[in-house]
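Asker: sequence? don't have it. structure:
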DNA sequence: CTGTTAGCGCCTTCAT
DNA sequence: ATGAAGGCGCTAACAG
């Protein structure tokens, strides 16, 4: 912590602290002469305004908090990068708070958490209504949700049921013998239930079109390539008649199915049709048809909404923006 | 922001602000009676201490910053979780700052960055000497490095050259026809050069034992399973005589080689020997011998050192702790 | 053990 | 356009 304060700058520049304050806050009514003297003094002294003092007075920190369930996946990596790009333009910083554990959640339930010491909060893929008592985030700061629908907060999301429906529609064009590989989220307060929604949408579409679909065609895997590959091998080994179609509720599973098919000498796009979800960049290499969430656009919009809320005096109307999934057709379906 | 202040609590509890301050800071010399009155008042009012005011006067926030190059990998996931577990025990919080871009780095170069508004900084896998002008982090707060050696800062690291040497030693027991699959880090200020060090160690060991090794045996892949698999297939297809040994500078590549060998009907542990690096949990499933960095222990130690530095009045001696890699032998070598 | 009080560094009137 | 001065909420030192 440098011990240079606004006072030192004022002394050095031969002006009052008020003038220095005006300069560092970019106010207009300062003479050119004084402005330059102050800037010079700041430079020479290496002065840095004290954020705590500033926060104490104004309550603003030019920073926001991003809360995510985890940080190990491409999804959140892209999300955070997109958010950051908007923040940079607006001269904001961000801290990232992964909801790592039950204990960490307890901390986040307390108003005193670091999380709430920023100007606003961006939450991604978190079931706010389950997570917090009263279903509310314990803060008066603006909150915007990404990848999660809400009745209470501003939100930018995608309809995961719709993803399932689209997958069903695409696959039905190719085969009526359909399988699903999905992930069973443990039903905790942490989980958002997106996998379930995708599956629900899939089944709903089939039902609406009078297609028989037995739950014995639903297979489960861990979020791990190795698992998915093994599971896919075992499923494909038992298939009697081709072609068959697979709804992979995440691209990773689609990858496993593609590799399994190749290992077994099956022809992807002829014997085996596959639709994945997420639009990972590498799906192109393996020719996997995939349904993409426009993460970048969603994140950027959410960030812009948040910044707008932070800076508006009156309370703007709540926005609930639904994005449509993007279908990227490739060889696999 | 609740507008309840320490004064309101003092009024309600019929004590002075000093007493309230003592209670919320857990100091001992407060009568049981007053303590309870204060706690009750805090509860009823929903009082939350203002962090900015606190930070302004004491300079302490009970939080630390973690700086990592990225957040998408298992490595940093495990690291952050381990750090967090120690922080929880000590009633600290953390914010995470991924060094996402060149622009973000510029922000981190400024003393005013949010990054430095915590009580201490933990940096992982970042070449501090290249990153910052003067090779110093622009702060007076304690800094501890993980996974990076330093002459200047406290650090907890592993010798990546040693990893390469160990791999060479293991593989030489099985075959003298050795290959390497590694990743070429672009040489930017962001990169730590661990892959290069692993390779250097490998080559040094061979040279020291008078084993011929041509650089044409070194192959490169992206950090992506798909790539690694393809590369491994292409290498193995050209091999004339088995057995051969592979040093995979990260487990992911080892996985690709295992899969490629299986695809080609080769016997891992007989035709093809493989040593990976990182000790990923899934290496067990595929029988991959791997050299592990004890990330958990390293992270916990680094965190403890940091907390100790934060809380000590005198400046403790600089600690530089080198961990030894852990070899986990499995079927593949 | 408890109350009082002087700042911490800054922003923001209010005069000038 | 500028300076002076009063807090913001809290801690810590001191006096009792």
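Answerer: Alright, I've got the coordinates. As the structure is a prediction and not an experimental result, all values here were calculated from the model. Numbers count the residues shown, from 1 in each chain, chains lettered A, B, ... in the order given.
Asker: where in chain A is pLDDT low?
Answerer: In the predicted model of chain A, residues A:1-2, A:72 satisfy pLDDT under 70.
Asker: near DNA strand D, which residues of it are found?
Answerer: Residues of chain A lying close to DNA strand D by CB under 7 Å from any atom of the strand are A:14-19, A:22, A:28-31, A:33-34, A:53, A:56-57. Just so you know, the C-beta spots here come from the backbone N, C-alpha and C atoms, and that holds for glycine as well.
Asker: can I have the buried ones of those as a ChimeraX selection?
Answerer: Filtering those down to the buried ones (16 or more other CB atoms under 10 Å in any protein chain shown) takes a single ChimeraX command:
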select /A:15,19,22,30,34,53,56
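Asker: between which two of the residues of chain A next to DNA strand D is the distance greatest?
Answerer: Using CB to CB, those span at most 31.0 Å, a distance reached by A:33 and A:56.
Asker: hmm, back to that, so which of the residues of chain A next to DNA strand D also contact DNA strand C?
Answerer: Restricting the residues of chain A next to DNA strand D to contacts with DNA strand C (CB under 7 Å from any atom of the strand) yields A:17, A:18, A:22, A:53, A:56, A:57.
Asker: need the three-state assignment for the nearest residue to the fourth one once chain neighbours are set aside.
Answerer: Taking CB to CB, 6 or more residues apart in numbering or on different chains, and ignoring the residues beside it in sequence, residue A:53 has residue B:56 as its nearest neighbour in space, at 5.2 Å. Taken by DSSP: H, G, I helix; E, B strand; the rest coil, the conformation at residue B:56 corresponds to helix.
Asker: I figured residue B:56 hits residue A:57, correct?
Answerer: No - under the criterion of CB atoms under 8 Å, residue B:56 makes no contact with residue A:57, lying 9.6 Å away.
Asker: where's the residue of the stretch 1-150 of chain A found nearest DNA strand D, which helix or strand?
Answerer: Residue of the stretch 1-150 of chain A nearest DNA strand D, by CB to the nearest atom of the strand: residue A:29 (2.8 Å). According to DSSP states H and E, residue A:29 maps onto no helix or strand at all.
Asker: and it, what is it in contact with?
Answerer: By CB atoms under 8 Å, 6 or more residues apart in numbering or on different chains, the contact list for residue A:29 reads residue A:22.
Asker: what comes into contact with the one helix or strand residue A:86 maps to?
Answerer: Using DSSP H and E, residue A:86 sits in helix A:74-89. Contacts to helix A:74-89, defined as CB under 8 Å, 6+ apart, come from residues A:64, A:66, A:68-71, A:93-94, A:96, A:122, A:124, A:146-147, A:278, A:280, A:295-296, A:299-300, A:302-304, A:307, B:70-72, B:98, B:100-101, B:103-104, B:107.
Asker: which of the residues in it are buried?
Answerer: A:74-88.
Asker: look up how far residue A:317 lies from residue A:311.
Answerer: 15 Å (CB to CB, to the nearest Å).
Asker: so between the two, which is more surrounded?
Answerer: residue A:311 (13 against 7; other CB atoms under 10 Å in any protein chain shown).
Asker: show me what contacts the more buried one?
Answerer: Per CB under 8 Å, 6+ apart, neighbours of residue A:311: none.
Asker: run through the residues that contact the residue in the stretch 101-250 of chain A positioned nearest to DNA strand C.
Answerer: Distance from DNA strand C to each residue of the stretch 101-250 of chain A (CB to the nearest atom of the strand) is smallest for residue A:119, at 13.7 Å. Residue A:119 is in contact with A:60, A:61, A:62, A:63, A:64, A:92, A:141, A:142, A:310, counting by CB under 8 Å, 6+ apart.
Asker: what is the neighbour count of the third one?
Answerer: If I follow you right, that is residue A:62. For residue A:62, using other CB under 10 Å, the count is 17.
Asker: excluding chain neighbours, what is closest to it?
Answerer: residue A:92 (5.5 Å).
Asker: wait, that neighbour sits on residue A:61?
Answerer: No - if you go by CB under 8 Å, residue A:92 and residue A:61 don't touch, sitting 9.1 Å apart.
Asker: which of these two has more neighbours?
Answerer: A count of neighbours by other CB under 10 Å puts residue A:92 above the other of residue A:92 and residue A:61, at 23 against 19.
Asker: check contacts around that one.
Answerer: A:62, A:63, A:64, A:119, A:307.
Asker: from the residues you listed, which is closest to chain B?
Answerer: Chain B lies nearest to residue A:63 out of the contacts of residue A:92, by CB to the nearest CB, at 5.1 Å.
Asker: quick check: beta-bridge partners of that closest one?
Answerer: residue A:93 (DSSP bridges).
Asker: number of nearby residues for it?
Answerer: Neighbours of residue A:63 (other CB under 10 Å): 20.
Asker: what's the answer for residue A:267, then?
Answerer: So residue A:267, with other CB under 10 Å, has 12 neighbours.
Asker: excluding its backbone neighbours, what's nearest it?
Answerer: Per CB to CB, 6+ apart, closest to residue A:267 is residue A:261, 7.5 Å.
Asker: does chain B sit close to stretch A:95-103?
Answerer: Yes - using CB under 8 Å from any CB of the partner chain, stretch A:95-103 reaches chain B at A:95, A:96, A:97, A:98, A:100, A:101, A:103.
Asker: coming back round to it: buried among the contacts of helix A:74-89? Make that a PyMOL selection.
Answerer: This is how PyMOL selects the buried members of the contacts of helix A:74-89, with burial counted by 16+ other CB under 10 Å:
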select buried, (chain A and resi 64+66+68+69+70+71+93+94+96+122+124+146+147+278+280+295+299+300+302+303+307) or (chain B and resi 70+71+72+98+100+104+107)
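Asker: in strands, which of the contacts of helix A:74-89 appear?
Answerer: Using DSSP state E, the subset of the contacts of helix A:74-89 located in strands is A:64, A:66, A:68, A:93, A:94, A:96, A:122, A:124, A:146, B:98.
Asker: among those, which one sits closest to DNA strand C?
Answerer: residue A:93 (16.0 Å).
Asker: the closest one: what's it in contact with?
Answerer: A:62, A:63, A:64, A:87, B:107, B:113, B:114.
Asker: so how far is residue A:152 from the second one?
Answerer: This means residue A:63. From residue A:63 to residue A:152 the distance is 24 Å (CB to CB).
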